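# here are the coordinates; sequence isn't available:
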């Protein structure tokens, strides 16, 4: 089982914006600082915010037709993952932030809390679990005409055949970011990541706050299928973590910003979050070349996050309207420009040609060949136990 949530409830400083963060107090505070920096650039100062959006090449959000319902939503999702200008253009959205799918599932099962939210963003592999538990509404796709804008490659996935419960939000992969002024060793593989974390970056490394992504570091470095259920593989991983965990500064799925602000020197990160951090450095007049990003090698993951409407949603009409709004190509690309993940819309690469650091969003065939999907299987309880044991040494 995964450790119960330690909730740091931090609310952003805008009167029209409610964001709750379900993280440890320390991680929540770091994250709140990062989010506020980003939202200042995206929302602060009226005309200045519009100028910033224009400078980034963003078009005005495409509006959906007026509906006879209040545009209010409660969204359970990840941090720095939604363009605030788009959320505001659609309506009034209350956002609760999680750092892992396990946290999302736990939050939704806590005292019938699924009725507290309208939409949850889940990684695809967790959708069968949530659907089996009766959390998710079976979608009426006639109410989502813009689903036709999604590239066929990103629909009808094995974990939700026919998109019965979910619609692609975006997809990405995992790697690292590090400060080259603090670390002299070049990191090209997961084995390099491990070595540097135990030497130059000992006590200055963040790893993801999620059992499966944490396990990937070891399995990917050692040529082991990261969906393994073999006892000997899990035992070897547990032994590794006993040696590795004392070198870790903390468990933080949003560690990119902490690398560029000097809190840590190395972090395991998702590609879009690394891009956000590097773009933030550039926007602030700094030198992003000081930091290095790498796609995990020789193997890493590929994941897809998805919009799901909760069966207990109080605002079902609004939920359908919002998802359809986001699936409009103009809105989808503007969202991509903010968070840096491929939104899976037809022709999105051509639509987003003007974005900076596009090589961190759109991957080559050779890079895609190294990315392997994960699985939710019988190993997950053991991975959760190893994760808890690793966190206990902090």
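Right, received. Where do you want to start? Keep in mind that what you see is a predicted model, and the values were worked out from it rather than measured.

# Tell me how many other residues surround the residue lying closest to residue 155 once chain neighbours are set aside.
Counting by CB to CB, 6 or more residues apart in numbering, the nearest residue to residue 155 once its immediate chain neighbours are dropped is residue 163, at 5.7 Å. Yep, even glycine has a C-beta here, placed from its N, CA and C like the rest. Using other CB atoms under 10 Å, residue 163 is surrounded by 19 other residues.

# What of residue 329?
For residue 329, the number of neighbouring residues by other CB under 10 Å comes to 17.

# Give me the distance from stretch 199-219 to the chain's centre.
Centroid separation between stretch 199-219 and its chain, computed with CA atoms, centre = their mean, to the nearest Å, is 16 Å.

# circling back to that earlier point, how far away is the residue nearest to residue 155 from residue 152?
According to CB to CB, to the nearest Å, residue 163 and residue 152 sit 11 Å apart.

# And the residue lying farthest from the centre of the chain, how far from residue 272?
Here the chain reaches farthest from its C-alpha mean at residue 68, the gap being 32.4 Å by CA atoms, centre = their mean. When distance is defined by CB to CB, residue 68 is 36 Å away from residue 272.

# Ranking helices and strands of this structure by mean pLDDT, which lands last?
Within the chain, no helix or strand scores below helix 47-55, which has a mean of 29 by mean pLDDT, DSSP states H and E.

# Quickly list the domain ranges of the protein.
Structural domains assigned to the chain are 18-172+303-362, 174-301+367-391, following automatic domain parsing.

# Distance from the chain centre to the first one, please.
When you say that, I think you mean domain 18-172+303-362. Taking CA atoms, centre = their mean, one finds domain 18-172+303-362 lying 10 Å from the centre of the chain it belongs to.

# Tell me the bridge partners for residue 95.
Note on residue 95: beta-bridge partners by DSSP bridges are residue 19, residue 75.

# wait, doesn't it sit right on residue 78?
No. Taking contact to mean CB atoms under 8 Å, the distance of 9.6 Å between residue 95 and residue 78 leaves them out of contact.

# What's the separation between the spatially most central residue of the chain and residue 358?
The chain has residue 78 as the residue nearest its centroid, 5.5 Å off, counting by CA atoms, centre = their mean. Spatial separation of residue 78 from residue 358 under the definition CB to CB is 21 Å.

# Next one, pLDDT for the residue farthest from the centre of the chain please.
Here the pLDDT value assigned to residue 68 is 73.

# Over to residue 217?
In this prediction, residue 217 has a pLDDT value of 98.

# For it, give me its contacts.
Contact criterion CB atoms under 8 Å, 6 or more residues apart in numbering gives 190, 193, 194, 207, 268 as the residues in contact with residue 217.

# and with 6 Å instead?
Contacts for residue 217 were tallied using CB atoms under 6 Å, 6 or more residues apart in numbering; they are residue 190.

# can you check residue 367 too?
By CB under 6 Å, 6+ apart, the neighbours of residue 367 are residue 295.

# element containing it?
Here residue 367, judged by DSSP states H and E, is contained in helix 365-368.

# Show me what the helix or strand where residue 85 lies is packed up against.
Assessed by DSSP H and E, residue 85 sits inside helix 84-90. Helices and strands touching helix 84-90, as assessed by 3 or more CB pairs under 6 Å, 6 or more residues apart in numbering; DSSP states H and E, comprise helix 25-43, helix 329-339.

# Among the ones you listed, which one carries the weakest average confidence?
Taking each of the helices and strands packed on helix 84-90 in turn, the one with the lowest mean pLDDT is helix 25-43, at a mean of 42.

# Where does pLDDT dip in the stretch 51-200 of the chain?
Applying pLDDT under 70 to the stretch 51-200 of the chain flags residues 51-67, 111-114.

# Quick one: the strands in it, in order.
Defined through DSSP state E, counting those that start in this stretch, the strands belonging to the stretch 51-200 of the chain, from first to last, are 72-78, 92-98, 119-123, 167-172, 174-179.
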